[in-house]
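**Student:** compute the structure for the input listed below.
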Amino acid sequence: MRTRSYLQTEITYKKGSDFNFTIDLPISHVYINIEDKYVGKGQTVNRLVSDPRISLNFRTANFWQLRGSYGVTHHFSELESIHYQWILKNIHSLHINSSPL
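**Tutor:** Numbering: from 1, shown residues only. Next comes the predicted model:
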């Protein structure tokens, strides 16, 4: 089970048509619950995360522009890649993947 609800906020400052500064401040609530009933193992993640991003755009002439941005993103593991028992992937590899989210 995976749920994600979020609030998207953005602040923009413009000075004429030559300067533009933007801050994105999304806030997300992430809830992930994994249960393997046959093995009796599972994981739960219940977090409030933020993925901020800052961008800057400056026009130096009619044709030339300077742009830059920086951001941080939180990624969680895919639910399909987590399993608690041995799985034969091919003839040469046997895998168990009980990695944390």
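**Student:** the nearest residue to residue 3 once chain neighbours are set aside and residue 76, how far apart?
**Tutor:** Among residues not flanking residue 3 along the chain, residue 31 sits closest, at 4.5 Å (CB to CB, 6 or more residues apart in numbering). For the C-beta atoms, the positions are set from N, CA and C on the backbone; glycine is no exception. For residue 31, the distance to residue 76 equals 11 Å [CB to CB, to the nearest Å].
**Student:** likewise for residue 93?
**Tutor:** Noted for residue 93: a distance of 25 Å to residue 76, by CB to CB.
**Student:** higher neighbour count, these two?
**Tutor:** Ranked by neighbour count (other CB atoms under 10 Å), residue 93 and residue 76 place residue 76 first, with 14 against 8.
**Student:** how near is that one to residue 13?
**Tutor:** Residue 76 sits at a distance of 32 Å from residue 13 (criterion: CB to CB).
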